[in-house]
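Asker: With the input below, show me the fold.
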Amino acid sequence: QVQLVESGGGLVQAGGSLRLSCAASGRTFSSYTMGWFRQAPGKEREFVAAVSSTAIITHYSDSVKGRFTISRDNAKNTVYLQMNSLKPEDAAVYYCAAAVRFGVESGRYDFWGQGTQVTVSS
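Answerer: Residues are numbered from 1 along each chain as shown. Okay, here's the model as predicted:
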């Protein structure tokens, strides 16, 4: 069982940056692939980024590639999402999630946080 708690969301102007964090409980954090997803009002939840258990592999959606960076610190049981050059269309509730195997489909992820709101003003 893994419990995930996101933080770092807030209001930022377009072009600005935010860093999201996701703290995980449990001693098995380092064995999980970690992902970030987001959901805007009226839209389906979408994949943003994922990092493998050892951080060797990362993957990003086309919409955030080059602007967002996912990273993890297994010693701190934490995964991060650095978001730069934010756009109004990045506004959403951002969720972190844990999966046994690497992937981009939300169905692969077994554990989810409660989400953190990101608002981007134009």
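
Asker: Give me the spatial nearest neighbour of the residue nearest in space to the middle of the chain, chain neighbours excluded.
Answerer: When the chain is reduced to its mean C-alpha position, the nearest residue by C-alpha atoms, centre = their mean turns out to be Trp36, at 2.4 Å. Nearest non-adjacent residue to Trp36, counting by C-beta to C-beta, 6 or more residues apart in numbering: Val48, 4.3 Å away. Quick note: C-beta positions are derived from backbone N, CA and C, even for glycine.

Asker: Let's see the host helix or strand of the one you found as PDB, backbone CA atoms only.
Answerer: Under the assignment given by DSSP states H and E, the secondary-structure element containing Val48 is strand 46-51. This file holds the C-alpha atoms of strand 46-51, laid out as PDB (Å, rounded to 0.1, in the frame of the first residue of the first chain):
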ATOM      1  CA  GLU A  46      -4.600  12.900 -19.100                       C
ATOM      2  CA  PHE A  47      -1.100  11.600 -18.700                       C
ATOM      3  CA  VAL A  48       1.600  14.200 -18.200                       C
ATOM      4  CA  ALA A  49       4.900  12.500 -17.300                       C
ATOM      5  CA  ALA A  50       6.300   9.300 -15.800                       C
ATOM      6  CA  VAL A  51       9.600   8.200 -14.300                       C
END
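
Asker: Thanks again, I'm all set now.
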